[in-house]
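> just the structure for this:
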Amino acid sequence: PSDTQFASWAGVCPGNNESAGKRKKSKTMQGNKHLKGALCQAAWANSRSSNRIGQFFRRIRKRRGDKKANVATAHLLIRILHALMREKRSYQEIDVSLGDETSKKNPLDRYVQYIQQLGYSVQLNPIQ
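Numbers count the residues shown, from 1 in each chain. You can find the predicted model right below:
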């Protein structure tokens, strides 16, 4: 009935093993191994694409690594598939920037902007 239950049935839902605010390691859930394999293969195929699914994979891979990003992307794919089947539509890519320009922004610019918000003027000269 819901996308979360569909993801759980496929075995690509996120784990919930937490104690005292710390997330513990756990294996992926058992589920439909054929669907899970197809979703993970599609996630690997999208890892180098320039669409929003590929950007999602690369964003998660920075923090958690390749394999966890693969399962997280498979979870995203199954949620998209459930929405498409529920609404009986074909997939249309969303043209939304997902924060790539903010992640590539020079941290120095943010510090200068923060100092200017505090009411100071800053002039930066490179050390030679």
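> can you give me the strands for the protein?
18-19, 22-23 (DSSP state E).
> right, and those strands - which one's nearest Phe56?
Comparison of the strands of the chain against Phe56 by C-beta to C-beta identifies strand 22-23 as nearest, at 19.5 Å. (C-beta placed from N, C-alpha, C; glycine too.)
> pairing partners for the closest one, with directions?
Take DSSP bridges as the rule and strand 22-23 pairs in its sheet with strand 18-19 (antiparallel).
> mean confidence score for the partner strand?
For strand 18-19, mean pLDDT rounds to 84.
> do stretch 39-51 as well
Per-residue confidence for stretch 39-51 averages out to 90 on the pLDDT scale.
> longest helix of the protein?
Longest helix in the chain, counting residues (DSSP state H): helix 66-87.
> okay, the most centrally placed residue in the chain: pLDDT?
Residue closest to the average C-alpha location in the chain (C-alpha atoms, centre = their mean): Phe56, at 3.6 Å. Phe56 is assigned a predicted lDDT (pLDDT) of 91.
> now do it against Gln117, distance only.
31 Å (C-beta to C-beta, to the nearest Å).
> equivalent analysis for Gly37, please.
50 Å.
> do the same with Gly15
Summarising the geometry, the distance separating Gly15 from Gln117, computed by C-beta to C-beta, is 40 Å.
> between these two, which is the more surrounded one?
A direct count of neighbours by other C-beta atoms under 10 Å for Gly15 and Gln117 places Gly15 higher, at 13 against 8.
> for that one, which non-adjacent residue is closest in space?
Counting by C-beta to C-beta, 6 or more residues apart in numbering, Ser26 is the residue found nearest to Gly15 once chain neighbours are left out, at 4.4 Å.
> compute the number of surrounding residues for that neighbour.
Ser26: 11 surrounding residues under other C-beta under 10 Å.
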